[in-house]
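Participant: fold the following.
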Amino acid sequence: MGWEHRIAGLCKFVGATLPPRLSYAVAESLASGLHALSPPLRADAESSAAYMLGEARESREVARAARRSMRNYARDVVDLLRYNGRPADADTTVSFEGLDRLDAALAEGKGVILVGLHLGSWDVGAAYLAHRGYPMSAVVLSAKDNDGLDAFMRILRTEAGVGVITTRDGIWQAADALRRNQALALLIDGATEGKSVPVRFVGGQVQFSAGPATLALRTKAAVVPACTLRLPNGRFQGFIGERVSPGPGSNLHQSIPLFTQSMLDSLQGYVQQYPDQWGMTRSIPPRA
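Facilitator: Numbering: from 1, shown residues only. Okay, the predicted model is just below:
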């Protein structure tokens, strides 16, 4: 057994054993340390916060928002550890609205892309759906130059019942999961790789990856928006929205930006309502 398995097992034990308040406090302290000691990570967090707030990156408001975002991501990791360590508590901890929409989309037999954002506890939402018997895979961004971190997170997600497809694996594994009529969780607001398209997002314009729209159009998979938000009482509320249409584009080139915009339109209201739970750390130019 490799060290990643031992560390994952220890983290699951600690996350399931310590009181939630203490687990969160430890994780937030580590996140604050990363914020202070990692200039590239801090720069990306502040860039995202500045865009969201429409403020100068050097402002105090942006610095505070960036720290909150990183601490929130640390809480997300704790959430997955606790959920993964106590699977029997799933139905009393997590609830979902709109599962009938997911059922209807899967009934078509071409797979479903659950498109989401780095918002709330997305890993808990995917693990919950897997616990309920939905065939789940997730596309995740490979950690640059950190195979150990990749292996650690793969273990946690796999043991929660979620198949892992990294961005290194390429689009074909994702397409294969859809051909097997799986639900494929895909976060659309990550770092762009390859072709990107401009979209309107929270009051400005940002380049987003064309990959999700291209995958959906080529596989004919249904696309439904999804997110899982943390509630103040230690519970989680998941939402699955109405199916997203590719729009009226007459060819693939025209459809991709329209489809990408429709995906963002179905989700960005959640970001505006829960800005502190948006955990994207990506460099974004200021709003024009």
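Participant: sketch out the low-pLDDT regions of this protein for me.
Facilitator: Scanning the chain for pLDDT under 70 picks out 1-16, 84-91, 142-150, 190-194, 248-250, 279-283, 285-288.
Participant: got the residue ranges for the helices in this structure?
Facilitator: For the chain, the helices defined by DSSP state H occupy 3-17, 20-37, 39-53, 60-85, 90-93, 99-106, 122-131, 147-159, 171-179, 211-219, 252-265, 268-273.
Participant: quick one: closest of the ones you listed to Ala185.
Facilitator: Among the helices of the chain, helix 122-131 comes nearest to Ala185, with 4.9 Å by C-beta to C-beta. Just so you know, the C-beta spots here come from the backbone N, C-alpha and C atoms, and that holds for glycine as well.
Participant: tell me the most buried of the helices of the chain?
Facilitator: Mean neighbours per residue, mean count of other C-beta atoms under 10 Å, is largest over the helices of the chain for helix 122-131, with a mean of 24.
Participant: closest one to Val115 among the helices of the chain?
Facilitator: Here helix 252-265 is closest among those (C-beta to C-beta), at 5.0 Å.
Participant: any chance you could list what contacts the closest one?
Facilitator: 115, 188, 197-201, 208, 210, 212-214, 216-217, 223, 225, 244-249 (C-beta atoms under 8 Å, 6 or more residues apart in numbering).
Participant: which residues touch the residue lying closest to Gln205 once chain neighbours are set aside?
Facilitator: Closest residue in space to Gln205, ignoring its immediate chain neighbours: Pro198 at 5.3 Å, by C-beta to C-beta, 6 or more residues apart in numbering. Contact partners of Pro198, counting by C-beta under 8 Å, 6+ apart, are Gln205, Val206, Gln207, Phe208, Pro257.
Participant: could I get those as TSV with distance to Leu99?
Facilitator: As requested, the contacts of Pro198 are exported to TSV (distance: C-beta to C-beta, whole Å):
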residue	distance to Leu99
Gln205	34
Val206	31
Gln207	33
Phe208	27
Pro257	30
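Participant: buried ones among those?
Facilitator: Val206, Phe208, Pro257 (16 or more other C-beta atoms under 10 Å).
Participant: hang on, isn't the first one packed against Ile284?
Facilitator: By that I understand Val206. Yes - here Val206 reaches Ile284: they are 5.8 Å apart, a contact under C-beta atoms under 8 Å.
Participant: kindly list the longest strand within the protein.
Facilitator: strand 222-230 (DSSP state E).
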